[in-house]
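When you get a sec, could you give me coordinates for this:
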Amino acid sequence: MSIEVGGVVEGTVTGITKFGAFVDLTDGKVGLVHISEVADVYVNDVKDFLKVGQKVKVKILSVDDHGKIGLSIKRLQPKKPEVPEGAPAQSANPARRPVSNDFRGRPAGRYPAGPVSFEDKLSKFLKDSDERLTDLRRKTDSKRGGRGSRRSG
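Got it, this is the predicted structure:
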């Protein structure tokens, strides 16, 4: 079986590192499944998803001039359905309850309920940032003696 970009092959996990997993393919060729291509969810440790000696199906993403082969496992997994607008998101941990009714997991009442434009997000960010900087300046100025509050000697 030849190694072609876009092809799907089966291989065996031969090594796991903090940045991904090496998979032995046909004809003694070895490819790398980068940590970002292991699963559809955030992967903190590849060992939580793969074990050495495990058989896996991988999609070939790239083959460079030096023979390095880029692989993906997550691109073979079925896509999770999108959460419809306004519907509550399902928690990965059923025992954990959402803090609010906001489907984005943010505190209710602080953010608009509908879709937010980029300009609105940017203006909110700038406003929050200015408020935080002002608070920080007040705190550091009071520790240094403050602006305009000269000590009389």
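
could I have the helix or strand encompassing Lys59 exported to CSV, CA atoms only?
According to DSSP states H and E, Lys59 maps onto strand 55-63. Extracted C-alpha coordinates of strand 55-63, given in CSV (Å, rounded to 0.1, in the frame of the first residue of the first chain):
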residue,chain,number,x,y,z
LYS,A,55,-3.5,-0.3,16.3
VAL,A,56,-4.9,2.9,14.9
LYS,A,57,-6.4,4.2,11.7
VAL,A,58,-4.8,7.4,10.5
LYS,A,59,-5.3,9.9,7.7
ILE,A,60,-2.2,11.0,5.9
LEU,A,61,-2.0,14.8,6.0
SER,A,62,1.4,15.5,4.5
VAL,A,63,4.6,13.9,3.2
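
which stretches of the protein form helices?
118-144 (DSSP state H).

Next, work out how far apart the closest residue to Thr17 other than its chain neighbours and Val33 are.
Closest residue to Thr17 apart from its sequence neighbours, by Cβ to Cβ, 6 or more residues apart in numbering: Val46 at 7.3 Å. From N, CA and C alone the C-beta is placed, and that goes for glycine too. Computed as Cβ to Cβ, to the nearest Å, the Val46 to Val33 distance reads 8 Å.

residues shared between the contacts of those two?
Listed as contacting both Val46 and Val33 by Cβ atoms under 8 Å, 6 or more residues apart in numbering are 20-21.

Pick out whichever of the two has more residues nearby.
Val33 (27 against 20; other Cβ atoms under 10 Å).

In contact with the more buried one, which residues?
Residues counted as contacts of Val33 (Cβ under 8 Å, 6+ apart) are 20-23, 50, 56, 58, 71-73.

at 6 Å instead, please
Residues in contact with Val33 (Cβ atoms under 6 Å, 6 or more residues apart in numbering) are 20-21, 23, 71, 73.

quick one: which of the residues you listed is most hemmed in?
Result: Ala21 is most packed of the contacts of Val33 (other Cβ under 10 Å), 28 neighbours.

residue contacts, it?
13, 33, 46, 50.

which one of the residues you listed is nearest Asp135?
Val46 (40.6 Å; Cβ to Cβ).

Could I get the pLDDT score of that closest one?
Per-residue pLDDT puts Val46 at 91.

my guess is it meets Lys18, correct?
No - applying Cβ atoms under 6 Å as the test, Val46 and Lys18 come out as separate, 7.4 Å apart.
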